[in-house]
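Novice: structure for this input, please:
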Amino acid sequence: MTTFLAWSIVATLVAIACIAVPLMRRKEGHAPIAALVTALFLPVAVVLGYVTVSDYPWSSPRDVNGWASMGDAYLAQGHFAQARDAYRQAMNLGDADDDMIMAYVEAAVLTDSSALQGEPGNLIDEVLKRNSRHAKALWYGGIRSLGLGDVETAKSRWRQLLDLSPPPEVRKLLEQQLAALDAPTATDSSANIQAGEGAVSVRVRIAPELAGKVTPGATLFLIARAPGASGPPLAVVRRSPAELPLELVISDADRMAPGESLATLAAIQLTARLTNSGDAKAAIGDVYGETTWRSGPPSGQPTEIFIDKVIQ
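Specialist: The predicted structure is shown next:
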């Protein structure tokens with residue numbers, strides 16, 4: 001970076017010389033004044049222009065507060081991935097407090113909501129062990145618990161958050177979600193639960209030639225999305241690949257966040273993905289299979305997903 005700055009200064013001085021010197025030689029009119037303005041304005045314009053378009057971290061590489069402030073700025077501007085990375089840098093440099101950790105978690109989730117099933121989700125649990133009344137940890141902790149199918153923990157965390165007197169709009173959302181979770185639902189222990197009840201039964205198998213790519217510490221994710229939709233998934237189930245082949249159910253209890261119910265969809269895109277990293281975010285080398293479930297008369301059989309592809 002030092003070399004770049006040195007050459008930038010040289011280039012700026014050359015530009016000033018090319019413009020200002022000929023003007024200085026002309027004594028008539030406003031030429032001398034124009035030369036002076038050029039010499040003063042051009043360096044300022046160069047610096048302001050570069051700072052505006054550059055994403056270089058001008059704070060000290062070892063400045064924890066500088067990285068945290070950069071994360072705050074990126075988050076406020078909606079640049080969630082950059083905010084996540086800045087907060088991570090701050091956390092790597094020193095003992096991060098719970099607020100900074102949750103700022104990182106929030107940025108990570110806003111970048112990819114499935115991150116709650118990975119390291120950011122584990123950080124939420126650690127924060128709540130230290131401070132069971134941390135508002136942001138309770139909110140995202142409830143969403144994480146829903147994603148893991150632990151409805152009771154989700155309700156407990158959101159009720160604790162209600163006790164902290166959140167803003168009216170947050171209180172209203174929490175009360176709506178708790179009412180939905182407390183509403184009585186029909187249960188069906190058979191293998192074929194229909195999407196009209198907000199759940200789909202799935203059988204997952206893996207191609208023998210890909211089984212060797214899966215390590216003992218790998219994780220299986222079953223992901224549900226509306227067909228053609230981008231962004232975060234509607235619901236995610238996390239299981240051990242040691243159970244393969246297996247049958248499981250994905251339902252509204254597995255939703256990543258409050259929103260559209262699986263029961264309202266005529267079709268659901270289902271992806272089964274095995275990752276050795278344990279991270280919910282797709283990565284090169286992961287193996288996966290996918291299919292589309294469509295509503296209709298009960299078939300008596302679960303939807304089949306065959307894992308036979310590799311992310312390149």
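
Novice: could you report the neighbour count for L234?
Specialist: 24 (other CB atoms under 10 Å). Just so you know, the C-beta spots here come from the backbone N, C-alpha and C atoms, and that holds for glycine as well.

Novice: got phi/psi on the closest residue to it other than its chain neighbours?
Specialist: Nearest in space to L234, with sequence neighbours left out and distances taken as CB to CB, 6 or more residues apart in numbering, is A224 at 5.0 Å. With angles defined as degrees, to the nearest 10, A224 sits at phi -120, psi 130.

Novice: check contacts around A224.
Specialist: 200, 233-236, 250, 254, 262, 268-270 (CB atoms under 8 Å, 6 or more residues apart in numbering).

Novice: farthest pair in those residues?
Specialist: Longest distance between any two of the contacts of A224 is 14.7 Å, between D254 and Q269; criterion CB to CB.

Novice: more neighbours, the two?
Specialist: D254 (25 against 18).

Novice: surely the more buried one and V237 touch.
Specialist: Yes: contact criterion CB atoms under 8 Å: D254 and V237 qualify, at 5.1 Å.

Novice: which neighbours do those two share?
Specialist: G149.

Novice: distance check, the residue nearest to L234 against F306.
Specialist: As judged by CB to CB, to the nearest Å, A224 and F306 stand 17 Å apart.

Novice: just the strands in the stretch 1-150 of the chain please.
Specialist: Under the criterion DSSP state E, counting those that start in this stretch, the stretch 1-150 of the chain contains no strands.

Novice: quick one: low-confidence ranges for it?
Specialist: Within the stretch 1-150 of the chain, the set of residues satisfying pLDDT under 70 comprises 1-62, 113-114.

Novice: ok, which stretches of it are helices?
Specialist: Assigned by DSSP state H, counting those that start in this stretch, the helices in the stretch 1-150 of the chain fall at 2-25, 31-53, 64-76, 80-93, 98-111, 119-130, 135-147.
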